[in-house]
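> I would like the atomic coordinates for the input below:
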Amino acid sequence: MPIKNRLAEMHDEITEWRRDLHANPELLFETHRTAGIVAEKLRGFGCDEVVTGIGRVGVVGVIRGRSDRSGKVVGLRADMDALPIEEATGLPYASTVQGMMHACGHDGHTAMLLGAAKYLAETRNFDGTAVVIFQPAEEGGGGGREMVEDGLMERFSIQEVYGMHNWPGLELGRFAIRPGPFFAATDQFEITLNGKGGHAAKPHETIDPTLAASHLVLALQSIASRNVDPTEQVVVSITSFQTSSTAFNVIPARVHLKGTIRSLDEGVRAQAAERLRAIAEGTAATFGAVAEVNYMPGYPVMRNAEAQTAFAAEVARKVAGDCGEAPLIMGGEDFAYMLNARPGAYILVGNGPGAMVHHPEYNFNDEAIPAGASWWAEIVETAMPA
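All right, here's what the predicted structure looks like:
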């Protein structure tokens, strides 16, 4: 079964919702306008239950099928938040909020799931219960964790959960997925190197933390090249290097580094964290400095369950005719918390050519709406046939 006719008919309407959300982006847990619109629409669609405030500002809609002989409950999740990026698209519906934009397509995800919810509430051609989940704070805030810890799965008796992300570069309306590890764990770290500052003309009277930090930036790359099994994936990136001095003639007393470690295996994740601390402390000591390490675990590895991945791919083939194998992605995704709580799967839908996500010229492709909304609706109808 290809694109659902009813969702194709709703394309213009869903596009209007999406562009309104795009013009009015909100960050993290401040998605109050977006959540309000979502809740209002779900009530208007005739959902059997609409609950707000799950995970602070998350919204959940419950849609019961024509019968409930199966006793099955399937969750569908979309994220709602934007990014702190100044938009550079020049589109008529570009962000009206300075310094914020929907640069990852969460506006499209929310609109597509709203479209699927409207269709499911109209037709109810399934045996069981569909739970539509609208999550805040995916972009670093851990909104998925907040919703799970707020009892999302237990309160609504969710047995399986499915998510979706648009993907630039993947053919428009096509799907790609993979079982097992898919998106990386996203840990962060800060390292402060303390030395002894002084005059730049008298380095022998100082303990230069800049020299130590420069060696450390290079030494940390040995985690990937010499510590972790080369058949595994790990990325160590230093993203900030700041000294306590801005003068030309002063050797600073401190250097502050920031960075991230990305990994796809919990063993590698633990090994990388251990080696980071050891290398930082050892390198600092070599130059007479002292290292202070603050390691901040982030999102866990996002893993697709085998059976649910095969099912999600089967549904994608119904909608689009095929489903490709997705690459491993070293970006993070806090849908991982929901997949740790319940079996499920996460899929990519093609956004066609264009700027990558998190770029100021990125724009969600509205032509992907019928495929994405149809996939979500078909997940419910195929998992719980009437």
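
> okay, which residue is most central for this protein?
The geometric centre of the chain, computed from its C-alpha atoms, lies nearest to E333 (C-alpha atoms, centre = their mean), at 3.1 Å.

> can you tell me how far that residue sits from H22?
In this structure, E333 and H22 are 21 Å apart, going by C-beta to C-beta, to the nearest Å. Yep, even glycine has a C-beta here, placed from its N, CA and C like the rest.

> sorry, back to before: the closest residue to the residue nearest to the centre of the chain other than its chain neighbours: what's it in contact with?
Excluding the flanking residues, the one nearest E333 by C-beta to C-beta, 6 or more residues apart in numbering is F183, at 4.0 Å. Contacts here follow C-beta atoms under 8 Å, 6 or more residues apart in numbering; on that basis F183 touches Y299, V301, M302, I329, M330, G331, G332, E333, F335, A336, Y346.

> what's opposite the first one in the beta bridge?
This points to Y299. Following DSSP bridges, Y299 is listed with bridge partners T186.

> does it touch T186 like I think?
Yes. Here Y299 lies in contact with T186, judged by C-beta atoms under 8 Å, at a distance of 4.8 Å.

> assign the residue lying closest to R56 once chain neighbours are set aside to helix, strand or coil.
Counting by C-beta to C-beta, 6+ apart, F29 is the residue found nearest to R56 once chain neighbours are left out, at 4.9 Å. For F29, the secondary structure call by DSSP: H, G, I helix; E, B strand; the rest coil comes out as coil.

> counting neighbours, what do you get for F29?
Counted with other C-beta atoms under 10 Å, residues neighbouring F29 total 18.

> just T260 next, same as before
18.

> check which residues of the strand or helix carrying it are buried.
Secondary structure assigned from DSSP states H and E places T260 in strand 254-263. For strand 254-263, burial by neighbour count (16 or more other C-beta atoms under 10 Å) applies to R254, V255, H256, L257, G259, T260, I261, R262, S263.

> quick revisit: if you rank the contacts of F183 by neighbours, which is first?
Compared across these, F335 has the highest neighbour count, 29 neighbours, by other C-beta under 10 Å.

> returning to that earlier point: which one of the contacts of F183 is nearest to K202?
For the contacts of F183, the minimum distance to K202 (C-beta to C-beta) is 43.9 Å, reached by M330.

> and that closest one, how far from A176?
M330 is 16 Å from A176, where distance means C-beta to C-beta.

> understood, closing this out.
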